[in-house]
Structure formats: C-alpha cells, structure tokens
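**Student:** Could you look at this predicted model? Sequence included:
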Amino acid sequence: AFRRIGGLDVPVLDALPSPEVDRYRNKVQFPVGRDKNGAPCIGFYAGRTHRIVPCPDCKLQPDVLNEIGNTLCDFFAAHNIQPYDEQTGKGLVRHVFLRRGVHSGQIMVCLVCTRAKLPHAEELCRALTAQFSDIATILINVNARNTNVILGSETHTLYGPGFIEDTLCGVPVQLGPLSFYQVNTLAAEQLYGIAAEYAQLTPDDLLLDLYCGMGTIGLSMADHCRELVGVEIVPEAIESAKANAARMGAAVSAKSRFFCADAGQAAARLAAEGLRPDVIMLDMNFHRDAISGEEGYEWLEKILAHNPKSVVLFITAYVDTEKAVRAIKAGAIDFIPKPWDRNKLLDTVKSAVELSRERNLDSSDLIGECPAMKELKAQMMRVAATDANVLITGENGTGKDVVAHALHLLSDRARKPFVNIDLGCIPENLFESELFGYEKGAFTDARNAKEGRIETADGGTLFLDELNYMSLSMQSKILRAIQENTFRR
C-alpha cells in the first residue's frame, strides 16, 4: 500500500497486535431505533443506509456497556420514551453514548436527545445506579439538528460530576462526552511506550508535542525531559491538557505549558521566544505522487533565509547523485535515504547536533582563528556538553564573561537564565542576602521574602566574576552550595 498509494519505499515492521481483541473499546455510540416489532433497540446502521440493525451484544464493547444499552431500551419501552425518527423528525432519544475508564472502572452514560427534558429522569438515574454500581455520571446531550453528527454542543448533568476519571500511562484524565480519547486504552499505552523508547529523552531535553490533544502523550514522558510544550488547535483540548498536568503535581505542571494554535502559528511563536531546533529533518516530497524533491528545496531555501546557521538533513525515498549534490549545494548538510538504518540515522543526527553547536559558537562574540583560540573553542565544546563547574582565568579585559556566556549558549541550559554577578560591586554586608536571598522577617526590614541570585539561576548558568573580592567565610559558603547543589537562607 505504501508503494501503490503513497509512492513510498519504506521499511514496514511487524504489526503490533492489540493486547485485547475482544471487548477492548472504552467508548460506545449506539444509535437508537426500533426493531421489527416496533420496540426500542440499539444497534448499528446497515451499509449505506440509516436502517438500524439491532445488536444487543457487540463483541467490541465490554459486557457491562452492552447491558446498560439494553437496560435503557427496556426503560424507554416501559415509559413510552420514543426513539428519534430521521424520516419524520419526531421522537426524543437519538443515541446512547457510553464511556468506561479501563483502569478506574468508572462509567459515563450520556443520552443524546432532541431536547433537554427527559421524562422520568430521576427514576432512570435511580434504576441505573442501583443496577450498575460503576456508573459515575449520567448526562443529557442535546442535538436537535438534522445532521449525521452525533453530539450537540449543549450538555446537562442528571447525576454525578458530569465526567469520569481514568489514567493513561499514569496520566490522570477527566473524560466528558466531548473529550477526545483513544478508544483502545491498552493498545494506546503500548504505543505510547514505544514512542517514549524511540524518543530516547534525557533530563536536558525539550519535548515539543504538536497536535497534543489532551496532552497525554507528552505528559506520559514529562518525567524524562526538562520541559514540555504542547500545541493543539482545539481550545477545549488545551484546557484539558492544562488540567491533566495540574493533576500530575506541581513538578510536572511547572515544566509543562500548553497553548492553542495551529502548527504554523506555533512555530512562529516559539521562534519569537528564541526556541531554535538544533537539527531540522526535512522530507523532500509532501504530496502524493511527488518525487521531484522541489517542495523540499523550496522549504530548505525558506529555512536558511530565516536562519542561515540552521542544520538541515534531507530525507527522501528517491535517491540519485544529482539530487544529493543539489541538496548539499543548496545548504543541506547530509542526505538520508529511505529506508534508513536506525543506528546510522542516530549517528548522523548526533553529528548534526555537534555541527549545530559549532555554528552557534562561531556566531558568538569570540573572534579569532589563531591556534590558541581554536584550542579554546575546542575545550569549550567539550565542556559545554557537561554540567561540570568551570574555572575561567585570565587578565582583566580578556573576555572571561564572553567565554562564560558562550558556554551557556552552547549548553543544554541555553534556554534557562544566565546570571552574571560582579562580586566586586556588592558590599560585603550584602553578599549573603544578594546571593542566597532571605525569608520574610529574617531581619528588621525584611517585610517580604526575596529570591537570591543563585536561586534565580536555577536550571541555567551562574557566573561569579571577581571571586577574589569575596571574604573567606563567604567563599566557604559558596563552595558548600556548589559542592552540595543546595543552600539555606
């Protein structure tokens, strides 16, 4: 199919089966109609029709959801509650919409009706919750339009909080009738795990989750990265993502941010914030049957016009020498053919990251090509990749602060603060409060707590200039903070 439809020659791995093949769906959307005897029934539409084929036991849904659907039909029949008739536009109940949390077991019952008033609603809630103890909420969704769309925009709660709760890869979620959610929870968790394995995240990485939905994929990996940025075009999904992050605790919430935009707007916003990718992997063809690579060359030109220092890797299934030479001349640094070898691809990307850092260093304020300067830059490249403490020595005016700032920009801390403290300008009696801060009431005029310069630099780089101006007692306190990575105020 890849070759026939997409014109792609790609490696196809073995299919990964679902952990469950029966009763795996966590969501049910039954249309409500009448059986051959005129009684209310649930089922599915016959092919190319709106005729409902009764299905009292669908093998895709958990037994309990089928039982709830059948119980509702019995209740409708007993209380003369009419199914909706598309031909006449008369009747009340259009669909039975059910959700079940795979891990929590909580069940949501939502009746899609043509109006908000449901006869015998209180009796229905008592009967359902008495028979099915896992029902956490019962809702009415109003859809009076002549449409094939199942849900309307208006929802009323008859029982419970209006949502159910569950977890996906450890991410706590709240689900209402309008929430987007993977219907096969166990398979989704399996795929998320594989995605996390392939991502190979480190604690210094920024994870960008485009089309993030409720944020579950990114949040499931949040413990393994420095920062998570999620982008989604649906406002309700963004609000759910923020709420899910908050439910995971202060640490995850602090490192996660979500905003509503399409991918193009998101790229512009992140670029304006100073976020720059180390490496850009660019496919050469984006449309069906396109094999010329012209689209890739066009995007390469735009990328390099925006930032000439960009490191771009071209990817294509259609490899020939002419294209490879043209790509390199146009500014790409390498050419990756499909199908690719995973280890070779990772080696290519690592080399591209190193080149990106070298280009960033060359664009800094460090000027010179003499042997001593080349050796300094080489040392900086080696040191910047670590979290080691660095001692920079040199005469006044030789640019120690320039080297410190360049090291910061080359490191994985580049998007965090760079705090430069000229210790020679701070009176000795203010050293401790300036560096470590203080709490409210620590002394007479301490009306509010103050963050010290060391705390301001948390996650980034702290440059202590003119160390020789510090007293021995203060030097010992600074040394203890550096060695233990903690301090008291």
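**Tutor:** That came through, no problem. A quick note: this is a predicted structure, and the numbers were derived from the prediction, not measured. Numbers count the residues shown, from 1 in each chain.
**Student:** from here on, contacts and neighbour counts on C-alpha atoms
**Tutor:** Noted.
**Student:** average pLDDT across stretch 419-428?
**Tutor:** Per-residue pLDDT values across stretch 419-428 average out to 76.
**Student:** tell me the contacts of residue 203?
**Tutor:** Residues in contact with residue 203 (C-alpha atoms under 8 Å, 6 or more residues apart in numbering) are 224-226.
**Student:** now could you export just the CA positions of stretch 177-191 as CSV?
**Tutor:** C-alpha atoms of stretch 177-191 as CSV (Å, rounded to 0.1, in the frame of the first residue of the first chain):
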residue,chain,number,x,y,z
PRO,A,177,-18.8,13.2,26.2
LEU,A,178,-16.9,15.8,24.0
SER,A,179,-13.4,14.7,25.2
PHE,A,180,-11.1,13.2,22.5
TYR,A,181,-9.6,9.9,23.8
GLN,A,182,-8.1,6.8,22.4
VAL,A,183,-10.8,4.1,22.3
ASN,A,184,-8.3,1.2,22.9
THR,A,185,-6.6,2.2,26.2
LEU,A,186,-4.3,-0.8,26.5
ALA,A,187,-3.1,-0.5,22.8
ALA,A,188,-2.6,3.2,23.2
GLU,A,189,-0.4,2.7,26.3
GLN,A,190,1.6,0.1,24.4
LEU,A,191,2.2,2.6,21.5
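**Student:** 637 is where my numbering starts, stick with that
**Tutor:** Sure, I'll start numbering at 637, so the last one becomes stretch 813-827.
**Student:** May I see the buried residues of it?
**Tutor:** Neighbour counts over stretch 813-827 (16 or more other C-alpha atoms under 10 Å) mark 813, 817, 820-825 as buried.
**Student:** Show only the entries of the residues you listed found in helices.
**Tutor:** 821-825 (DSSP state H).
**Student:** Now do the buried residues in stretch 651-664.
**Tutor:** 660-664.
**Student:** Oops, could you answer that again for stretch 672-686 instead?
**Tutor:** Result for stretch 672-686 [16+ other C-alpha under 10 Å]: buried residues 675-680.
**Student:** quick one: contacts of that stretch?
**Tutor:** 666-671, 687-692, 705-706, 709-710, 712-713, 718-719, 732.
**Student:** And that stretch, end to end?
**Tutor:** In stretch 672-686, first residue to last residue: 15 Å (C-alpha to C-alpha, to the nearest Å).
**Student:** Nearest to residue 774 among the ones in helices among the buried residues of stretch 813-827?
**Tutor:** residue 821 (21.9 Å; C-alpha to C-alpha).
**Student:** now the closest one: how far from residue 872?
**Tutor:** 21 Å.
**Student:** repeat for residue 1023
**Tutor:** Counting by C-alpha to C-alpha - residue 1023 and residue 872 are separated by 40 Å.
**Student:** neighbours of the nearest residue to residue 1054 once chain neighbours are set aside, just the number please.
**Tutor:** Using C-alpha to C-alpha, 6 or more residues apart in numbering and skipping residues adjacent in sequence, the residue nearest residue 1054 is residue 1097, 4.9 Å away. By other C-alpha atoms under 10 Å, the residues close to residue 1097 number 24.
**Student:** Residue 1097 reaches residue 1042, doesn't it?
**Tutor:** No. Counting by C-alpha atoms under 8 Å, residue 1097 stays clear of residue 1042, with 10.8 Å between them.
**Student:** any chance you could map the helices in the stretch 637-786 of the chain?
**Tutor:** 699-714, 757-767 (DSSP state H, counting those that start in this stretch).
**Student:** With distance to residue 796 and mean pLDDT as extra columns, can I get those helices in a markdown table?
**Tutor:** Output for the helices of the stretch 637-786 of the chain, formatted as a markdown table (distance: least, C-alpha to C-alpha, whole Å; pLDDT from 0 to 100):
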| stretch | distance to residue 796 | mean pLDDT |
| --- | --- | --- |
| helix 699-714 | 17 | 97 |
| helix 757-767 | 10 | 98 |
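**Student:** out of the ones you listed, deepest packed?
**Tutor:** helix 699-714 (a mean of 18; mean count of other C-alpha atoms under 10 Å).
**Student:** now for that one, which elements pack on it?
**Tutor:** Applying 3 or more C-alpha pairs under 8 Å, 6 or more residues apart in numbering; DSSP states H and E, we find helix 699-714 packed against strand 676-681.
**Student:** Next, report how far the strand it packs on is displaced from the centre of its chain.
**Tutor:** Strand 676-681 sits 38 Å away from the centroid of its parent chain (C-alpha atoms, centre = their mean, to the nearest Å).
**Student:** Which of the helices or strands spans residue 972?
**Tutor:** Using DSSP states H and E, residue 972 sits in strand 970-973.
**Student:** Show me what that strand is packed up against.
**Tutor:** Against strand 970-973 (3+ C-alpha pairs under 8 Å, 6+ apart) you get strand 948-952, helix 957-966.
**Student:** deepest of these, which one?
**Tutor:** strand 948-952 (a mean of 23).
**Student:** And that one, how far out from the chain middle?
**Tutor:** Centre to centre, stretch against its chain (C-alpha atoms, centre = their mean), the figure for strand 948-952 is 24 Å.
**Student:** again, but for stretch 976-995
**Tutor:** With C-alpha atoms, centre = their mean, you get 24 Å for stretch 976-995.
**Student:** who touches it?
**Tutor:** 647, 914-915, 945-947, 969, 972, 1017, 1046.
**Student:** Restricted to buried residues, select those in PyMOL.
**Tutor:** Remark: buried members of those, expressed as a PyMOL selection using 16+ other C-alpha under 10 Å:
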select buried, resi 914+915+945+946+947+972+1017+1046
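**Student:** from the contacts of stretch 672-686, which ones fall inside strands?
**Tutor:** Mapping those onto strands (DSSP state E) picks out 666-670, 688-690, 732.
**Student:** farthest pair in those residues?
**Tutor:** Maximum distance among the ones in strands among the contacts of stretch 672-686 (C-alpha to C-alpha): 14.9 Å, for 689 and 732.
**Student:** Please say which of the two ends up with more neighbours.
**Tutor:** Between residue 689 and residue 732, residue 732 has the larger neighbour count (other C-alpha under 10 Å), namely 23 against 18.
**Student:** Bridged to that one, which residues?
**Tutor:** When bridges are called by DSSP bridges, residue 732 pairs up with residue 666, residue 747.
**Student:** Report the contact partners of it.
**Tutor:** Contacts of residue 732 (C-alpha under 8 Å, 6+ apart): 664-668, 678, 705, 745-748.
**Student:** who wins for most neighbours among the residues you listed?
**Tutor:** Going by other C-alpha under 10 Å, residue 745 tops the contacts of residue 732 with 30 neighbours.
**Student:** Isn't that one up against residue 760?
**Tutor:** No. Judged on C-alpha under 8 Å, residue 745 makes no contact with residue 760 at a distance of 11.1 Å.
**Student:** circling back to that earlier point, what's the closest of the buried residues of stretch 813-827 to residue 1120?
**Tutor:** residue 825 (38.2 Å).
**Student:** Hmm, residue 805 and that closest one touching each other?
**Tutor:** Yes. Residue 825 is in contact with residue 805 according to C-alpha under 8 Å; the separation is 5.6 Å.
**Student:** For residue 1090, grab the count of nearby residues.
**Tutor:** 22.
**Student:** For it, which non-adjacent residue is spatially closest?
**Tutor:** Per C-alpha to C-alpha, 6+ apart, closest to residue 1090 is residue 1071, 5.6 Å.
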